[in-house]
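[1] One predicted model, sequence on top.
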Protein chains: 2
Amino acid sequence: MNIGQASKASGVSAKMIRYYDEIGLVQPSARTDSNYREYGERELNELRFIRRARSLGFSMAEITQLLSLWRDRERPSREVKAIAERHLAGLDARITEMQAMAETLRHLSRCCAGDDRPDCPILADLTAGSLPSEPKTPSRRRSA
Amino acid sequence: MNIGQASKASGVSAKMIRYYDEIGLVQPSARTDSNYREYGERELNELRFIRRARSLGFSMAEITQLLSLWRDRERPSREVKAIAERHLAGLDARITEMQAMAETLRHLSRCCAGDDRPDCPILADLTAGSLPSEPKTPSRRRSA
DNA sequence: ATGGACCTTCCCATCATGGGAGGGTCAAGC
DNA sequence: GCTTGACCCTCCCATGATGGGAAGGTCCAT
């Protein structure tokens, strides 16, 4: 199977398949005389594995580990689970963070008239710009 | 105020302040004879504005628009609101997507013993790898 | 006048992905 | 056989926001 066929069959772009080859993640089982990459069922399954793992948000670094566990028939499921849980924790953290952003935006948006007038609580909020730590006297800077 | 002071006062790294200068987003009000960037209150507020907007997840492209509205005393709040709502919609979409990932992972993780044995529903799921759309006859090409 | 803290510019790296140029290969139809 | 179009190859560049670091100039306090 050449790269185009592997791409169609795995749902991974040819560009990415070449990239995985380059970084040594999934190498073609062979090359033809004319230097075309050739992939077999095994590589195909690995490409599908990667695609599925990417769709769950795993980074390439994590996938590298997962794939090597996948290849190892002796792996302890503990290790797989640890990777998954670490990733899940990161995911949850990012979700929480984004939810906070979304809530703030929803609030500001609700407060904004959204008409022709220039007064805008959204811009007002951005202007307030509380510093990370120190509160600091609220800068009553010249109207500018 | 030089770049270090502006950095401290705004919470934006000096590196980023130089970058904003380079892309023309916030330029120093002047340069000293020795070519040091000089920032005034106005620029300081713009930097704080950016920092706050970044913390709400706006992209630099969005911030460019927001900043130009912020500078325009005649802006219609409608435009600000539109940007905010578009961004909010994108955030919500990403949150939903990540929640789906997290739910899947939580489920898989719950099903995984996480012990010394190699059997692992997480790897099993990744192996299943359903194709994006077309089922397609399972390509029985030469077994390779 | 010396040292250290600061500033400058320029280059490189990230991470996963795509775009495109320039050139070789293969298979089908004539 | 030869042409044509669809494929493949490698190599380079770009993304977005950020940081790291080198090489060299500046400022200030001792």
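    Ah, there it is. Numbers count the residues shown, from 1 in each chain, chains lettered A, B, ... in the order given.
[2] mind showing which ranges of chain A have poor pLDDT?
    The model of chain A has pLDDT under 70 over residues A:129-144.
[3] most centrally placed residue in it?
    In chain A, the residue lying closest to the centroid (C-alpha atoms, centre = their mean) is residue A:57, at 5.0 Å.
[4] now it: how far from residue A:14?
    Remark: distance between residue A:57 and residue A:14 (C-beta to C-beta, to the nearest Å) = 23 Å. All C-beta atoms are positioned from the backbone trio N, CA, C, and that covers glycine.
[5] try residue A:20
    Applying C-beta to C-beta, the value for residue A:20 to residue A:14 is 11 Å.
[6] Which of those two has more residues huddled nearby?
    residue A:20 (21 against 15; other C-beta atoms under 10 Å in any protein chain shown).
[7] can you tell me the helix or strand for the more buried one?
    Using DSSP states H and E, residue A:20 sits within helix A:14-22.
[8] now check that helix, is it near DNA strand D?
    Yes. Helix A:14-22 comes into contact with DNA strand D (C-beta under 7 Å from any atom of the strand), by way of A:14, A:18.
[9] Show residues contacting that helix.
    A:3-4, A:6-7, A:10, A:12, A:26-28, A:37, A:39, A:47, A:50 (C-beta atoms under 8 Å, 6 or more residues apart in numbering or on different chains).
[10] and the residue nearest to residue A:113 when sequence neighbours are not counted, how many neighbours?
    Excluding its sequence neighbours, the residue lying closest to residue A:113 (C-beta to C-beta, 6 or more residues apart in numbering or on different chains) is residue B:77, at 5.5 Å. Counted with other C-beta under 10 Å, the neighbours of residue B:77 add up to 20.
[11] And for the one 5 residues further on?
    Applying other C-beta under 10 Å, we find 15 other residues in the vicinity of residue B:82.
[12] Name all residues that make contact with residue A:127.
    Residues near residue A:127 by C-beta under 8 Å, 6+ apart: B:45, B:48, B:49, B:70.
[13] Residue numbers of chain A in contact with DNA strand C?
    Checking chain A against DNA strand C by C-beta under 7 Å from any atom of the strand, the hits are A:13, A:15-16, A:19, A:32-36, A:54, A:59-61.
[14] quick one: buried residues of the biggest helix by length in chain A?
    Criterion DSSP state H: the longest helix present in chain A is helix A:77-111. Of all the residues in helix A:77-111, those buried under the rule 16 or more other C-beta atoms under 10 Å in any protein chain shown are A:77, A:79-81, A:83-85, A:87-88, A:91, A:95, A:98, A:101-102, A:104-105, A:108-109.
[15] now do stretch A:52-72
    Residues of stretch A:52-72 classed as buried under the neighbour-count rule (16+ other C-beta under 10 Å) are A:52-53, A:55-58, A:62-64, A:66-67, A:69-70.
[16] hmm, back to that, now, the contacts of helix A:14-22 that are in helices?
    A:3, A:4, A:6, A:7, A:10, A:47, A:50.
[17] of these, buried ones?
    Using 16+ other C-beta under 10 Å, the buried ones in the ones in helices among the contacts of helix A:14-22 are A:3, A:6, A:7, A:10, A:47, A:50.
[18] any idea how far the third one is from residue B:128?
    Taking C-beta to C-beta as the measure, residue A:7 and residue B:128 are separated by 19 Å.
[19] now swap in the fourth one and tell me
    Computed with C-beta to C-beta, the distance linking residue A:10 and residue B:128 is 13 Å.
[20] cool, and the last one?
    Note on residue A:50: its distance to residue B:128, by C-beta to C-beta, is 13 Å.
[21] For residue A:111, which non-adjacent residue is closest in space?
    residue A:121 (4.2 Å).
[22] my guess is that neighbour contacts residue A:114, does it?
    No. Residue A:121 sits out of contact with residue A:114 when judged by C-beta atoms under 8 Å, with a separation of 10.5 Å.
[23] quick check: domain ranges of chain A?
    In terms of domains, chain A is parsed into A:1-75, A:76-128 (source: automatic domain parsing).
[24] so how far does the longest one reach from one end to the other?
    Right, the one you point to is domain A:1-75. Using C-alpha to C-alpha, to the nearest Å, the end-to-end distance of domain A:1-75 comes out at 29 Å.
[25] list the contacts for residue A:91?
    Contacts for residue A:91 were tallied using C-beta under 8 Å, 6+ apart; they are A:57, B:98, B:101, B:102, B:105.
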